[in-house]
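J.: pasting the sequence and the predicted model now:
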Amino acid sequence: MASVKLTDVKKVYDNKVTAVHDFNLDIKDKEFVVFVGPSGCGKSTTLRMIAGLEDISGGTLEIDGEVVNDLQPKDRDIAMVFQNYALYPHMTVYDNIAFSLRLKKVPEDEVYERVTNAANILGITEYLTRKPRALSGGQRQRVAIGRAMVRNAKVFLMDEPLSNLDAKLRNQMRAEIILLRQKLDTTFIYVTHDQTEAMTLGDRIVIMRDGFIEQVGTPQEVFDTPVNLFVAGFIGSPQMNFLRANLVKGGSAYYVELLDVKLPLNDEQNAVLAQKGIGSREIILGVRPEHTTVLFDRSEGAIECSIDVNEMMGSELHLHLRSRNDDRIIVRLPTVDLTKEQRASLSYGNKMYITFPAKVMHLFDPETEKSLIDG
Amino acid sequence: MSEATAKRHMGLKTSRAISNTAIHILLIVISIIWLIPFVCIVLQSFRVENTGPVGYVVPKVWGTDNYVRLFQTDFPRWYTNTFICALATAVLQTIIVLCMSYTLSRFRFKMRQPLMRFMLILGMFPGMLSMIILYRVLKDLGLTQANAVPGLILVYVASSGMGYYVSKGFFDTIPMSLDEAARVDGATRAKILYKIILPLSKPIVIYTILTAFMGPWGDYVFARYIAFGTSAGKNVAVGLYDWLNKDQISNCYTMFCAGGVLVALPVTILFLFLQKYYVEGVTGGAVKG
């Protein structure tokens, strides 16, 4: 069993700066939880408090039901992979991986067995006699993972382990981490600033900003039902489009008025808004680029935009559009079925028209930034 | 290449050659000036035609009598005293300096900054100011004259923690994440220092040992007023200097030179073998200060 429970955990530094505010989270045994957020949001600080590398200023941290606030890292039965690998430069790969076992006075034959076993799983057997400086970035990262693996710890902590790797290697290592997770079958807590890593790796994602938890949910939940503007804009690539609009209550149904186009909401959305007693008001309308349909000709209910920038991504184009009230919109346009004339018309200033169904519309309060439907 | 460009390149080459030559001449002159006293001492130590100071440098009759006579005086006793002082100081001071530097580099505690500032200010006062009170304390403890060796070791080691700057600067260049990884792996702070930090700090350890050894090895001032009166407690600096008084100089001058050569030998050999680490240690610690 390796559950982790954080209750009102906070971190306040000596200069009175609060890095983490009242963090509450229950991580189940064998769950893969990802802390994600922009730089300075407190995700690494929280991870380091779990590891015991930072003191906890308030609240309690429990691992398997035991309060561990005052325990040293070595007594918490955790293993950690660092962003910069933190391999011991003067030791060989074998000695790096064996270090923790030798500290525990594990017999040398058992050390050999566990180290070689980990090396086989990670594909680094041939590097065991090398020193870290003779390894590439990906190899070093595998050694760092191997060093953590051999400890058979209850909780596996990873602090942005892929951020020092190039894009291609990052994709490859992400897949290897997924395989590793299946092999190790233990609780993982993973920190990243990359929302793609968070979405692909996590059972649950904890999105943080400025020391606060903004939302906790599965990747699908945070993608489909973001509770505020920040989460909506952080998750998804390209970022969700935000448009200034008006929510109008017409009798028992609501519609969104955007420029001169009326966009009716569906029954579910109407019910939630009615139940919350929300009246007509200004809103920020959020729509993801992948949920937006692009038309080359004017159509009923389509919003007129003009092209600013056209980014060729290979199988699709990312069009940066501008609405008549100067809101910027990004849309994705697959290139496979485009005609020559259509391709030729994708230049600066030309008109395009966008539509989207009600179910993909997200409504946010401009002042509180909270979702009117999913909050 | 055009003629003008070629001319410009030739001009640059010539001026660089001229300035290099001038710099080398200057350095050679400075080296000669710097080496002259050492060469004189070595040459005089092999002079056997007379034993007092003379107006020429190169001996007329060469021999090793001065070295033989050295070992018939208390010189071996002084040499042993100096060696024991220097060795004990080197060991103790190295331990204290490295532990102090590691603590100030790695630990964060309230009094850390005030302590470093206090030591910086305290270090600006010359050590000579404490001579009188140190003498009184050591006399009361019975650690002067014949018992000067332990007294001197105490004096040399006592304030060694204040010499943490270069070592701390070196340790600051070692990423903290190594310590953290070792803590997660199960190492105590002492084990981290011993198994992780020190193996990565060979240059600074050697530099610290060398500087800790050299201080007492060549010390005259503190040894003069603590180890006086009896020959048993003297170090080589005090013992050799006593031979230069007007009563003994005519008999002991060449022995003095021979003693000087023997004093310089160990440190010279140490530096010859360890100078690479010494330079790395000084510059490594200087990067972040």
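T.: Yes, it's here. Numbering: from 1, shown residues only, chains lettered A, B, ... in the order given.
J.: tell me which element the most centrally placed residue in chain B is part of?
T.: Among the residues of chain B, the one closest to the centroid is B:Met214, at 2.8 Å (CA atoms, centre = their mean). Counting by DSSP states H and E, the element that carries B:Met214 is helix B:202-218.
J.: that helix and chain A, are they touching?
T.: No: on the criterion CB under 8 Å from any CB of the partner chain, helix B:202-218 is out of touch with chain A, staying 9.3 Å away. Just so you know, the C-beta spots here come from the backbone N, C-alpha and C atoms, and that holds for glycine as well.
J.: what packs against that helix?
T.: Applying 3 or more CB pairs under 8 Å, 6 or more residues apart in numbering or on different chains; DSSP states H and E, we find helix B:202-218 packed against helix B:75-106, helix B:148-158, helix B:165-172, helix B:249-286.
J.: of all the ones you listed, which one comes closest to B:Ile206?
T.: Evaluated over the helices and strands packed on helix B:202-218, closeness to B:Ile206 peaks at helix B:249-286, with 4.0 Å, by CB to CB.
J.: flag every residue of chain B that's near chain A.
T.: So far as CB under 8 Å from any CB goes, chain B lies against chain A at B:175, B:177-178, B:180-188, B:191, B:196, B:199-200.
J.: now rank those by neighbours and give me the top one.
T.: Within the residues of chain B next to chain A, most neighbours by other CB atoms under 10 Å in any protein chain shown means B:Ala181, with 29 neighbours.
J.: helix or strand for the closest residue in space to that one that isn't next to it in sequence, which one?
T.: Leaving out its chain neighbours, the residue that sits closest to B:Ala181 by CB to CB, 6 or more residues apart in numbering or on different chains is A:Ala86, at 3.8 Å. For A:Ala86, there is no helix or strand it lies in under DSSP H and E.
J.: number of nearby residues for the closest residue in space to the residue nearest to the centre of chain B that isn't next to it in sequence?
T.: Using CB to CB, 6+ apart and skipping the chain neighbours, the partner closest in space to B:Met214 is B:Val267 (6.1 Å). As a burial measure, B:Val267 scores 15 neighbours (other CB under 10 Å).
J.: neighbouring contacts of the helix ranked longest in chain A?
T.: Criterion DSSP state H: the longest helix present in chain A is helix A:167-184. The contact list for helix A:167-184 (CB atoms under 8 Å, 6 or more residues apart in numbering or on different chains) reads A:32, A:121-122, A:137-138, A:141-142, A:145, A:149, A:156, A:158, A:161-162, A:165, A:188, A:190, A:197, A:200-201.
J.: now restrict those residues to buried residues only.
T.: For the contacts of helix A:167-184, a neighbour count by 16 or more other CB atoms under 10 Å in any protein chain shown gives the buried set as A:32, A:121-122, A:138, A:141-142, A:145, A:149, A:156, A:158, A:161-162, A:165, A:188, A:190, A:197, A:201.
J.: give me the subset of the residues you listed lying in strands.
T.: Using DSSP state E, the subset of the buried ones among the contacts of helix A:167-184 located in strands is A:32, A:156, A:158, A:188, A:190.
J.: will you turn those residues into CSV that also has distance to chain B and pLDDT?
T.: Output for these, formatted as CSV (distance: CB to the nearest CB, whole Å; pLDDT from 0 to 100):
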residue, distance to chain B, pLDDT
A:Phe32, 19, 95
A:Phe156, 11, 94
A:Met158, 12, 95
A:Phe188, 15, 95
A:Tyr190, 16, 96
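J.: mind picking the two most distant members of the residues you listed?
T.: A:Phe32 and A:Met158 (9.9 Å).
J.: overlap in contacts, those two.
T.: Common contacts of A:Phe32 and A:Met158 (CB under 8 Å, 6+ apart): A:188, A:190.
J.: nearest to chain B: which residue in the stretch 201-350 of chain A?
T.: A:Gly211 (20.6 Å; CB to the nearest CB).
J.: would you list the helices and strands packed on helix B:202-218 in a markdown table and tack on mean pLDDT?
T.: Listed next are these as a markdown table, based on pLDDT from 0 to 100:
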| stretch | mean pLDDT |
| --- | --- |
| helix B:75-106 | 92 |
| helix B:148-158 | 87 |
| helix B:165-172 | 91 |
| helix B:249-286 | 80 |
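J.: any idea which of these gets closest to A:Ile303?
T.: helix B:165-172 (57.5 Å).
J.: just the buried ones among the contacts of helix A:167-184: which are in helices?
T.: Residues of the buried ones among the contacts of helix A:167-184 located in helices (DSSP H): A:121-122, A:138, A:141-142, A:145, A:149, A:197, A:201.
J.: what parts of chain A come near chain B?
T.: Within chain A, the positions adjacent to chain B are A:51-53, A:72-74, A:78-80, A:82-84, A:86-90, A:99-100, A:103-104, A:147, A:151 by CB under 8 Å from any CB.
J.: weed out the non-buried ones from those residues.
T.: A:51-53, A:73-74, A:78-80, A:82-84, A:86-88, A:90, A:99-100, A:103, A:147, A:151.
J.: show only the entries of those found in strands.
T.: Judged by DSSP E, those include A:78-80 as members of strands.
J.: and of the residues you listed, the nearest to chain B?
T.: Closest approach between those and chain B, by CB to the nearest CB: A:Met80, at 4.7 Å.
J.: residues in contact with that closest one?
T.: Shown in contact with A:Met80 (CB under 8 Å, 6+ apart): A:51, A:73, A:148, A:156-159, B:180-181, B:184.
J.: quick check: the gap between A:Arg181 and chain B.
T.: According to CB to the nearest CB, to the nearest Å, A:Arg181 and chain B sit 19 Å apart.
J.: how many neighbours does that residue have?
T.: As a burial measure, A:Arg181 scores 17 neighbours (other CB under 10 Å).
J.: for it, give its distance to B:Val58.
T.: 82 Å (CB to CB, to the nearest Å).
J.: all good on my end, thank you.
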